[in-house]
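> got a predicted structure here, sequence first:
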Amino acid sequence: MWWPFALKYPERQPEDVDANEYDYVIIGGGTAGCALASRLSEDPSVSILLLERGVANNTWISRVPLISSNILNPETGAVNWYSEPMKECDDRKSLIFRGDVLGGSSRVNAMVYTRGSVADYDIWSSMGHPEWSYEKVLPYFKKAEMVLDQSKSDARGRSGPWINQTIEPSNWPFRVVRVAKECAEALGFHHITDTNSTDALCDGFATLDLTIDQNMQRVSTLEAFLPRETALKREKNLSICTASIVSRIEFSREKANSRAKRVHFQSSISKSRKTFSVNVKKEVIVCSGATGSPQVLMLSGIGPRKHLEEHDIDVVRDLPGVGSELWDHVSVPVTWEVPVVESVTYIATSPLKGALEFFKYLLTRTGVLSFPFQVASLFVRSSSLDDQTSEFTPGIPSKPPDPGDGASVLRNHDHLPDIEIMPLATSAVDDLEEHKARFAKIGVFSFLATLLRPKSRGTVRLRSVDPLDRPKVELGFMADAEDIALARKAIRLSLRLGDEMKAQGFPLIRGITAPESTANDAELDALIKSRARTTYHYSSTCRMAPEIDPLAPGVVDDALRVHGIPNLRVCDASIFPHIISTHLQAPVVMVAEKCADMIKESHATKI
Ligand SMILES: Cc1cc2nc3c(=O)[nH]c(=O)nc-3n(C[C@H](O)[C@H](O)[C@H](O)COP(=O)(O)OP(=O)(O)OC[C@H]3O[C@@H](n4cnc5c(N)ncnc54)[C@H](O)[C@@H]3O)c2cc1C
């Protein structure tokens, strides 16, 4: 049905489910939560409650790629709040973004579908998680996805619910990205046609897979795993309760362990602070994302003792790892002014052009609205770049090791990109006021120079005991000097690309954040400190690791169970033991698929 006449999604309200009992209660109906709820509810004999802070809002317009990726528009379900001042970055605050809507961040993200490489998961395995090696996780990637291009490798899935496709360079909406590709090739980079094949090169300019269907509509995990028809069909055993924010999980004490027995929640939209609760028969699974899951755990008495006591929360389990290892891909926008027509500004500033693009999309499913902000990216190992000039000279073969060949951590690290340069026909600065004041009316193009394996870490901590209060996020960016050195290399590479674009005649009119390519280290460091920002790839705040771990204390075991609480699991980006060297939504869904199988297995559920 066409917007605005969308058929109603079967959402329940808190009062509809109050005092009920469920086998499984899932907290957070985001990227992971929707996939998990879908898989668990395949068995009609189990009862599931999915509690989501946001609403469904699944209108036609919410699936138009460019419109749904506009996170500055709150109608999309995107929410934001400021991080704590970034000590190493001029005490600035970066904007934290998340999708608080059914489908979570997969409803508002840039739709890039990348799994990460063989080495990413072999690192997880070599960190003591053999069940999470590439070989072991590959079946779950395949199970979830449906790649539209049948010519892609056997490592790709063809019959899963989550559709993705690549868009050929000739169809990319902005010429500037095609020019960037040609310039990367001129600098010696190969073109990667499938970043998700097992043998994808580590260094190269990639045409990205995007979670877009045949009709050029966004496919979030809501549409993929819990479309309206499925939700209606399973209404008897799956209750999807939206606008419901979980305030805490209640536990009973059993011998040395605690057990989750009840979940308390309240409406996230009503002024009333009335609380509701449901009883848990089997398990609670927290899927509230890397900023939300530690918040839910800490509100429930699981986290660093001292921090919980500061907030007068009774300690159920002292787990110092909760919220303690926030890992994100820090990035620096290298931005130029370009002619308006070369940038997304051209539809934002002209109502006529905007209307024409809208009708073009409506009638032919082509034009700028059919794409998200990103369609391609350059992935690079910094070891392939000259220390002073960032000139590209491939050293170690770019082909990754075969899966499961027992490669050491060192070798795995050698086969991972640690820099990504995202070409974006927009400003990419995260200061909204500056964006409105300086960039809303001019054409802008950016290389978002991103560190894929930064050393610096941050934290997520409670602001208060009110679940509606956004948690305090310390990003910790650039605390480690190695990150600054890596950022310099990434910026210098972006500037080399810029020089090549100018040499090929592309009008990069003037640098906005981009300095001259002759800039010295001190000038680059000033740029890094004044511009470093989040890439929204929050992870690792409830790491899969032993409670006492040489790297940092863990929160969940290899079956994603919270240490000491056998019927409480965490399943989302927060469990990553090590951040993946690419975008995170595909790995998150892999985690949800694997978690569903582990839960089914441990309760011997019929599939
Ligand atoms: C703007 C943006 C662009 C991005 N672009 C890309 C991209 O192009 N490709 C890519 O791979 N990755 C991208 N990412 C990252 C990726 O989308 C996320 O890493 C991934 O979706 C996170 O999934 P999750 O399940 O861990 O959390 P989420 O999808 O964020 O889900 C968490 C859910 O929990 C709910 N919740 C939180 N607290 C509570 C509570 N107390 N009670 C009830 N519900 C609660 C939230 O409302 C939300 O729905 C992007 C992220 C953002 C924000």
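That came through fine.
> for Arg218, phi and psi?
Here is the backbone geometry of Arg218 (degrees, to the nearest 10): phi -60, psi 140.
> look up the closest residue to it, ignoring the ones flanking it.
Leaving aside its sequence neighbours, Arg218 sits nearest to Arg63 (CB to CB, 6 or more residues apart in numbering; 4.6 Å). All C-beta atoms are positioned from the backbone trio N, CA, C, and that covers glycine.
> what's the pLDDT at the one you found?
Arg63 carries a pLDDT value of 96.
> thought it was touching Glu223?
Yes. Arg63 is within contact range of Glu223, at 7.1 Å (criterion: CB atoms under 8 Å).
> now the end-to-end length of stretch 163-172.
Taking CA to CA, to the nearest Å, stretch 163-172 runs 19 Å from one end to the other.
> please disregard the earlier target; I meant stretch 370-377.
One end of stretch 370-377 sits 18 Å from the other (CA to CA).
> can you show me the helices along the stretch 401-550 of the chain?
Per DSSP state H, counting those that start in this stretch, the stretch 401-550 of the chain has helices spanning 409-414, 432-434, 481-503, 521-531. These are given in chain order.
> report all helices and strands that the second one contacts.
In terms of contact count using 3 or more CB pairs under 8 Å, 6 or more residues apart in numbering; DSSP states H and E, helix 432-434 is assigned no packing partners among helices or strands.
> ok, whatever residue of the chain ends up closest to the ligand - how many residues close by?
For the chain, the residue closest to the ligand is Gly30, as judged by CB to the nearest ligand atom, at 1.8 Å. Gly30 has 33 neighbours, counted by other CB atoms under 10 Å.
> contacting residues for the nearest residue to it once chain neighbours are set aside?
Leaving out its chain neighbours, the residue that sits closest to Gly30 by CB to CB, 6+ apart is Gly104, at 2.1 Å. Residues in contact with Gly104 (CB atoms under 8 Å, 6 or more residues apart in numbering) are 28-34, 54, 98, 220-221, 289.
> mind putting those in JSON lines, secondary structure and pLDDT included?
Output for those, formatted as JSON lines (DSSP: H, G, I helix; E, B strand; the rest coil; pLDDT from 0 to 100):
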{"residue": "Gly28", "secondary structure": "coil", "pLDDT": "98"}
{"residue": "Gly29", "secondary structure": "coil", "pLDDT": "98"}
{"residue": "Gly30", "secondary structure": "coil", "pLDDT": "98"}
{"residue": "Thr31", "secondary structure": "helix", "pLDDT": "98"}
{"residue": "Ala32", "secondary structure": "helix", "pLDDT": "98"}
{"residue": "Gly33", "secondary structure": "helix", "pLDDT": "98"}
{"residue": "Cys34", "secondary structure": "helix", "pLDDT": "98"}
{"residue": "Gly54", "secondary structure": "coil", "pLDDT": "97"}
{"residue": "Arg98", "secondary structure": "strand", "pLDDT": "97"}
{"residue": "Ser220", "secondary structure": "coil", "pLDDT": "98"}
{"residue": "Thr221", "secondary structure": "helix", "pLDDT": "98"}
{"residue": "Gly289", "secondary structure": "helix", "pLDDT": "98"}
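> from Ser300, how far off is Glu516?
Separation of Glu516 from Ser300 (CB to CB, to the nearest Å): 53 Å.
> so which of those two has more stuff around it?
Between Glu516 and Ser300, counting by other CB under 10 Å, Ser300 is the more crowded of the two (29 against 10).
> does the more buried one touch Arg262 like I think?
No. Counting by CB under 8 Å, Ser300 does not reach Arg262; the two are 10.5 Å apart.
> overlap in contacts of the two?
Common neighbours of Ser300 and Arg262, using CB under 8 Å, 6+ apart, are 249-250.
> so which bits of the host helix or strand of Phe379 are buried?
Phe379 is part of strand 376-380, with elements assigned from DSSP states H and E. Using 16 or more other CB atoms under 10 Å as the test for burial, strand 376-380 gives 376-380.
> and these as CSV, adding distance to the ligand and pLDDT?
Formatted as CSV, these follow (distance: CB to the nearest ligand atom, whole Å; pLDDT from 0 to 100):
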residue, distance to the ligand, pLDDT
Ala376, 12, 97
Ser377, 10, 98
Leu378, 15, 98
Phe379, 14, 97
Val380, 19, 96
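> just the pLDDT at Ser270, thanks.
pLDDT, read off for Ser270, is 88.
> go on, Lys399?
Predicted confidence (pLDDT) for Lys399: 61.
> angles on the backbone of the residue nearest to Gly30, please.
Taking degrees, to the nearest 10 as the convention, Gly104 sits at phi 60, psi -140.
> and of the buried residues of strand 376-380, the nearest to Gly77?
Of all the buried residues of strand 376-380, Ser377 has the smallest distance to Gly77: 24.9 Å, by CB to CB.
> right, and the closest one touches Leu424 too?
No. Using CB under 8 Å, Ser377 makes no contact with Leu424, being 9.7 Å away.
> among the contacts of Gly104, who's most crowded?
When neighbours are counted by other CB under 10 Å, Ala32 leads these with 35 neighbours.
> ok, that one touching Glu593?
No. Ala32 is beyond contact range of Glu593, at 9.4 Å (criterion: CB under 8 Å).
> now the strands for the stretch 351-500 of the chain?
Remark: strands assigned in the stretch 351-500 of the chain by DSSP state E, counting those that start in this stretch are 376-380, 419-424, 443-451, 459-461, 472-474.
> next one: the last one to chain centre, how far?
Put plainly, it is strand 472-474. Relative to its chain's centre, strand 472-474 lies at 17 Å (CA atoms, centre = their mean, to the nearest Å).
> neighbouring strands of that strand in the sheet, and parallel or not?
Its sheet considered, strand 472-474 pairs with strand 459-461 (antiparallel) by DSSP bridges.
> which of the helices or strands spans Asp16?
Per DSSP H and E: Asp16 is located in helix 14-17.
> what residues does the next helix or strand after that helix touch?
Later in the chain than helix 14-17, the nearest helix or strand by DSSP H and E is strand 21-27. Under the criterion CB under 8 Å, 6+ apart, residues 33, 36-37, 40, 46-51, 239, 246, 249, 263, 278-288, 296, 599, 603 lie in contact with strand 21-27.
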